[in-house]
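**Q** show me the folded form of this:
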Amino acid sequence: MNISSLSELPVGRISEVLRLNTSGPMRRRLMDIGLIPNTRVECLGRSPSGDPSAYMIRGAVIALRREDASTVIIKKI
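**A** Below you'll find the predicted structure:
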């Protein structure tokens, strides 16, 4: 299985969320935007500086900083 963090997902690739490695308000925020187990996520692009990145999550485009995306553990599909 190809397991990594969301911050490592290449542009144009789709993955599936396995778990979140964070707690507190940030965990709640990530769950509120739809990052829960088995959710598919696509990396749409990165800003010119490389941070933040845009992701398609449950039909919405969401920008996440690398620091936050690195706490989302994914399975590449």
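**Q** contacting residues for Ala54?
**A** 43-46, 61-63 (Cβ atoms under 8 Å, 6 or more residues apart in numbering). C-beta: built from backbone N, CA, C; applies to glycine.
**Q** hmm, try it at 6 Å
**A** Counting by Cβ atoms under 6 Å, 6 or more residues apart in numbering, Ala54 touches 44-45, 61, 63.
**Q** tell me what the longest helix belonging to the chain is packed against?
**A** Using DSSP state H to define each element, the chain has its longest helix at helix 24-32. Packing partners of helix 24-32 (3 or more Cβ pairs under 6 Å, 6 or more residues apart in numbering; DSSP states H and E): none among the helices and strands.
**Q** starting at the chain centroid, how far to that helix?
**A** In terms of Cα atoms, centre = their mean, to the nearest Å, the centre of helix 24-32 is found 13 Å from the chain centre.
**Q** buried stuff in it?
**A** Residues of helix 24-32 classed as buried by neighbour count (16 or more other Cβ atoms under 10 Å): Leu30.
**Q** residues contacting that helix, please?
**A** With contacts defined as Cβ under 6 Å, 6+ apart, helix 24-32 is touched by Leu20.
**Q** the helix or strand just after that helix packs against which elements?
**A** Going down the chain from helix 24-32, the next helix or strand is strand 40-46, by DSSP states H and E. Helices and strands touching strand 40-46, by 3+ Cβ pairs under 6 Å, 6+ apart, are strand 14-20, strand 53-57.
**Q** pick the most buried one from these.
**A** Mean neighbour count (mean count of other Cβ atoms under 10 Å) peaks for strand 53-57 among the helices and strands packed on strand 40-46, with a mean of 19.
**Q** each with direction, which strands does the next helix or strand along the chain from it pair with?
**A** As assigned by DSSP H and E, the chain's next helix or strand after strand 53-57 is strand 60-64. Paired with strand 60-64 in the same sheet, following DSSP bridges, are strand 53-57 (antiparallel).
**Q** just the CA trace of the partner strand, in CSV.
**A** C-alpha atoms of strand 53-57 as CSV (Å, rounded to 0.1, in the frame of the first residue of the first chain):
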residue,chain,number,x,y,z
SER,A,53,-1.8,23.6,-2.0
ALA,A,54,-5.4,23.3,-3.4
TYR,A,55,-7.3,20.1,-2.9
MET,A,56,-10.7,18.9,-4.1
ILE,A,57,-12.5,17.5,-1.1
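**Q** that concludes my questions; thank you for your assistance.
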